[in-house]
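> Would you be able to build a 3D model of this:
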Amino acid sequence: MKSPAFLIAVLGLAVGPAAAGQVDLPEIVSLSRTASTAAKLRTLELDFLGSREGRLFVAARPRDLARLEAEGIPFRFETPHLRSSAAGPGSPGGPIGAYHTGLHLERDLFDLSSKHPGLAKLVILGESLERRPIYGLKISDNVALEEDEAEVLILGCHHAREWISVEVPFLFAKFLLESYGTDPEVTRLVDQSEVWIVPLVNPDGHDYSVRVYRYWRKNRRDNGSGVYGVDLNRNYGYKWGVDNLGSSGEPSSEVFRGTAAFSEPETRAVRDLFLKRDFRAVVSYHSFSQVILYPWGHTTAPAPEEPLLRELALRMSELMRPVNGRTYAAGQGIAMLNYLTNGDTVDWTYATAGVPSYTVELPPIDQLGGGFFNAEKDIEGIFLENAPALLHLLQWAVDDFAARPPSLPFGLPDLLRPRLVIPRR
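Residues are numbered from 1 along each chain as shown. Okay, here's the model as predicted:
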């Protein structure tokens, strides 16, 4: 991992063969990592890709380069030195090895639903900007019926480059379905709940990450002037655009929040599903940092039920640790990440329905551990350490549903719902 080949293998994936002529693609530059540079960089909106041998690597657009020059921060162009390779890992199994492309995920979701017709139902929740379907897989013992049971929502891949965040939700769906009837705990939980899994919220961005630019983050909204993309995890309706620290109003920014809350069809698909159901817990998977985050992300103030959110997160972390020996730190979003987010998924789900909502940042802890490029051989292990935490949260939702039957008048206009946070035990 310390050889020059590692840098080429990791950063070389940033520029694909289709990059020529794509005016929205940034340059990859490196900066000397010094104390004085670090202090200046904290004030700039940059898309950091990682560090190597005392240098920071950044995906920089012309305005970023101008800012670096204005701050007197020298940089070196790295793009010409990087190998052109669009996809990444390439072992047998698919165009990107053990990872799913959108088409392979679609095939495997249909396969799961057809093999388990009484337990799994595949639903098209909406379409992306480029008309790709956004799939939700419902899992329950009588899946065709609308039963009075606890519901849990599991989301993956708001950010295109976070490929591992597709795999963990998908593998959890596969695990539930294939374990039903043989594993008593899984069978009981599936019998008492309805689990909705949306493994790929951002199909357009993910496809672009696979085919063109491995580090692509946003969706593929054409913002004009050769600038593309909205950060879907800044496009939700609670505290959307409350400041320019937790998101940006600049279309070229990697955290551009869009022109309005829920301006993007991808976030509207999640919103519409959420408002139709009585979800009791939410997990949104991301990478990388190896942490469990809970609201609020838009402020340093604690959430109304911070003790409950913390207790559940710490228990989830405890259950993860024995599997592979990895520790997922747990805490409020701002405290763990050291930066604000507004308009994000779990702040909105928590504010809207008052249910435990978590962002799980999957391994590794840092770029040198692999960053967005988790080895294919690590996919299963990362899923296995997350499975006990998901089962625990599902059990909590089942118990909570039994103790507190539905009471919210679901279907109210979205702007009214944040006022309806329920006092809980």
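> Any stretches of this structure with poor pLDDT?
1-25, 38, 42-43, 45, 48-54, 79-95, 335, 337-338, 365-371, 407-425 (pLDDT under 70).
> what's the longest helix in it?
Longest helix of the chain, by residue count under DSSP state H: helix 379-403.
> Which neighbouring elements make contact with it?
strand 150-156, helix 164-179, helix 184-191, strand 193-198, strand 279-287, helix 306-324, strand 357-362 (3 or more Cβ pairs under 8 Å, 6 or more residues apart in numbering; DSSP states H and E). In short, each C-beta sits where N, CA and C put it, glycine included.
> Switch the ones you listed over to a markdown table, and while doing so, append distance to V398 and mean neighbour count to every line.
Shown next, in a markdown table, are the helices and strands packed on helix 379-403 (distance: least, Cβ to Cβ, whole Å; neighbours: other Cβ atoms under 10 Å):
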| stretch | distance to V398 | mean neighbour count |
| --- | --- | --- |
| strand 150-156 | 5 | 25 |
| helix 164-179 | 14 | 22 |
| helix 184-191 | 6 | 16 |
| strand 193-198 | 6 | 23 |
| strand 279-287 | 8 | 25 |
| helix 306-324 | 14 | 17 |
| strand 357-362 | 17 | 25 |
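> Select, out of those, the one closest to V29.
strand 279-287 (23.0 Å; Cβ to Cβ).
> just checking, Y135 is part of a strand?
Yes: Y135 sits within a strand when classified using DSSP: H, G, I helix; E, B strand; the rest coil.
> so who does it touch?
105-106, 109, 122-125, 198-200 (Cβ atoms under 8 Å, 6 or more residues apart in numbering).
> For the longest helix of the chain, buried residues please.
Buried residues in helix 379-403, counted by 16 or more other Cβ atoms under 10 Å: 379, 382-383, 385-398, 400-401.
> That helix vs strand 279-287, what angle?
160 degrees (axes from the mean of the first three to the mean of the last three Cα atoms, to 10 degrees).
> Can you name the residues that contact Y285?
Counting by Cβ under 8 Å, 6+ apart, Y285 has contacts 154-157, 162, 164-165, 168-169, 359-360, 362.
> Going by distance to R132, which of those residues wins?
C157 (12.3 Å).
> Next, count neighbours for that closest one.
When neighbours are defined as other Cβ atoms under 10 Å, C157 has 32 of them.
> Likewise for N142?
12.
> Spatially nearest residue to it, not counting backbone neighbours?
G118 (7.4 Å; Cβ to Cβ, 6 or more residues apart in numbering).
> cool, L312 as well?
P356 (5.5 Å).
> Quick check on that neighbour: phi, psi?
phi -50, psi 130 (degrees, to the nearest 10).
> can you check V230 too?
phi -120, psi 140.
> and the gap between it and D347?
17 Å (Cβ to Cβ, to the nearest Å).
> which SS class is the residue of the chain positioned farthest from its centre?
Largest separation from the mean C-alpha position in the chain: G72, at 34.4 Å (Cα atoms, centre = their mean). Using three-state DSSP, the structure places G72 in coil.
> What's the separation between it and L41?
12 Å.
> Which residue is the nearest non-sequential neighbour of the spatially most central residue of the chain?
Central residue of the chain (Cα atoms, centre = their mean): H286, 3.2 Å from the mean position. The shortest distance from H286 to any non-neighbouring residue, by Cβ to Cβ, 6+ apart, is to E361 (5.1 Å).
> which residues touch that neighbour?
So E361 contacts 286-293 (Cβ under 8 Å, 6+ apart).
> Next one: it relative to G181, how far apart?
33 Å.
> ranges for the strands of this structure?
27-32, 47-52, 55-60, 75-77, 120-127, 133-139, 150-156, 193-198, 222-224, 227-228, 279-287, 291-294, 329-332, 357-362 (DSSP state E).
> can I get these in TSV with distance to A269?
Below are the strands of the chain laid out as TSV (distance: least, Cβ to Cβ, whole Å):
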stretch	distance to A269
strand 27-32	32
strand 47-52	26
strand 55-60	27
strand 75-77	39
strand 120-127	3
strand 133-139	5
strand 150-156	11
strand 193-198	8
strand 222-224	19
strand 227-228	20
strand 279-287	14
strand 291-294	23
strand 329-332	27
strand 357-362	18
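> which stretch among these comes nearest D272?
So among the strands of the chain, strand 120-127 is nearest, using Cβ to Cβ, at 6.9 Å.
> Report all helices and strands that the closest one contacts.
Using 3+ Cβ pairs under 8 Å, 6+ apart: strand 120-127 touches helix 102-115, strand 133-139, helix 265-276.
> Any chance you could list what contacts the first one?
Put plainly, it is helix 102-115. So helix 102-115 is contacted by 94-95, 100, 120-122, 132-133, 135, 137, 166, 170, 173-174, 177, 199-200, 203, 206-207, 210 (Cβ under 8 Å, 6+ apart).
> same question, stretch 165-174
99-100, 105, 108-109, 112, 120, 137, 139, 154-159, 195, 197-200, 206, 285-287, 362, 379-380, 382-383, 386-387, 390.
> Return the alpha-carbon coordinates of that stretch using CSV.
C-alpha atoms of stretch 165-174 as CSV (Å, rounded to 0.1, in the frame of the first residue of the first chain):
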residue,chain,number,x,y,z
SER,A,165,-22.9,1.6,0.2
VAL,A,166,-24.8,-0.3,-2.5
GLU,A,167,-23.5,-3.7,-1.4
VAL,A,168,-24.4,-3.7,2.3
PRO,A,169,-28.1,-3.0,1.9
PHE,A,170,-28.3,-5.5,-1.0
LEU,A,171,-26.5,-8.2,1.0
PHE,A,172,-28.8,-7.6,4.0
ALA,A,173,-31.8,-8.1,1.8
LYS,A,174,-30.3,-11.4,0.5
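> Now do it: distance to the chain's middle.
Distance of stretch 165-174 from the chain centroid (Cα atoms, centre = their mean, to the nearest Å) equals 12 Å.
> Next: stretch 330-346.
With Cα atoms, centre = their mean, you get 13 Å for stretch 330-346.
> Check which residues of it are buried.
For stretch 330-346, by 16+ other Cβ under 10 Å, it's 330-334, 336-337, 340-346.
> Show the end-to-end separation of it, please.
Separation of the first and last residues of stretch 330-346 by Cα to Cα, to the nearest Å is 15 Å.
> hmm, back to that, could you give me the ChimeraX selection string for whichever of the contacts of helix 102-115 are buried?
Burial among the contacts of helix 102-115 is assessed by 16+ other Cβ under 10 Å; the matching ChimeraX selection reads:
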select :94,100,120,121,122,132,133,135,137,166,170,173,174,177,199,200,203,206,207,210
